[in-house]
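Student: Need the 3D shape of this:
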Amino acid sequence: MVDNKMIRSFQADFSNNCVVSIAMDSTSAKIWNIEKAQVEHTLEGVRGWMSCLYLCPPSSCGGGMRVVTGALDGCVRLWDIHSGRNISSIMSGHESLRGVCVDGQVMMTSGTEKGMRLWDFRIPQFRSTAPACLVEGSSSGNYCVQLSSHVVVSGSKGSVAMTDIRNPTVTKIMKGHTDVVSSLQLLGSRLVTGSMDHSVCIWDTNENTPKATIKAHNGFVWDLQFDANKLVTAGGDSSVNIWDFSSSY
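Tutor: Presented below is the predicted three-dimensional model:
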C-alpha cells in the first residue's frame, strides 16, 4: 500500500481485510484492501483537513462496519466502510477536533481546547446536535482520546490522563513525554502512547511511569496501533514502522 503523503491517522482491521488512513493535510480518507494492496473507496466531501478516525465494530453500528472521521472544522462524520457512503454528520463544537473514539453505544470527542464531549452513538441518535455530557480534560487541550468502558484516556502536552466518567473529579496523571501526546491505545492494563517528542512510551496503567520508551521516528509520532505481537507506528518522517511487541514489555 502506497500513499504519497505522510500518514496522519490510520486504523487496521485484519479480520475485515482493511486499513483506513488519513494523509497529512488531506480532506479525504482512504479505505484499503490489505490483500490487494489497493484503495477500494475514498471518503470525500469534507471541507476541513481530516485529523482523526475510528473503526467501529458492527456491535456499535447496528450490524454494519462503519468508520467515524473527525476534521479540523469540528465536524464528525459516519461512513459505511463497504460503499464509502457518508451516512450522517454532526458538529462536535470543538475548536479544532483532534480525537474521536467509540465504545459500545457511546462516542467521545476531544480537541485542542479543555473539554471532551461524550455522545449517544445509537443510530439514529448520532444525528443529535448536543453531547450527552462533558468531561473536563486538560486545560492544555486533549490531542487524542480513547474510551474503554467507563475510563477515558486522553493525551495532552507532556502527560496522559485517565478519568473515570462515573467520578470525573478523580483523574490519574502519568508523565513520561516531553511534548504533546498525539496518539494512544489502551488494551487491558497496557497503554501505549506516541508523542510529538518522537517517542513511544509503553505503560502499565497500575503505575505512573512508563515501563519502556522507544525512539520511534525522526519526527512526530502521529498514530499507532498494537496487539499482543506487534506495534505499528506512523511518523512525521513519512515512515510506518512495525515493532516486535513481545510480552517483555
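Student: quick one: W203 is in a strand?
Tutor: Yes - judged by DSSP: H, G, I helix; E, B strand; the rest coil, W203 forms part of a strand.
Student: Now it: closest residue in space, sequence neighbours ignored.
Tutor: L191 (4.2 Å; C-beta to C-beta, 6 or more residues apart in numbering). (Glycine included, C-beta is placed from N, CA and C.)
Student: Need the residues that contact the helix or strand where the one you found lies.
Tutor: Element membership of L191 [criterion: DSSP states H and E] is strand 190-195. By C-beta atoms under 8 Å, 6 or more residues apart in numbering, the residues outside strand 190-195 that reach it are 153, 155, 160, 176-185, 200-205, 216, 220-224, 226, 231, 233, 249.
Student: Can you give the strand pairings for the host helix or strand of V76, parallel or anti for each?
Tutor: Using DSSP H and E, V76 maps to strand 75-80. Strand pairing for strand 75-80, using DSSP bridges, gives strand 66-71 (antiparallel), strand 86-91 (antiparallel).
Student: export stretch 158-168 as PDB, just CAs?
Tutor: Extracted C-alpha coordinates of stretch 158-168, given in PDB (Å, rounded to 0.1, in the frame of the first residue of the first chain):
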ATOM      1  CA  GLY A 158       3.700  16.000  28.200                       C
ATOM      2  CA  SER A 159       1.100  13.800  30.100                       C
ATOM      3  CA  VAL A 160      -1.600  11.200  29.800                       C
ATOM      4  CA  ALA A 161      -4.800  11.400  32.000                       C
ATOM      5  CA  MET A 162      -7.100   8.600  33.000                       C
ATOM      6  CA  THR A 163     -10.500   9.700  34.100                       C
ATOM      7  CA  ASP A 164     -13.400   7.600  35.400                       C
ATOM      8  CA  ILE A 165     -16.500   9.200  33.900                       C
ATOM      9  CA  ARG A 166     -18.600   7.900  36.800                       C
ATOM     10  CA  ASN A 167     -16.500  10.100  39.100                       C
ATOM     11  CA  PRO A 168     -14.800  12.700  36.800                       C
END
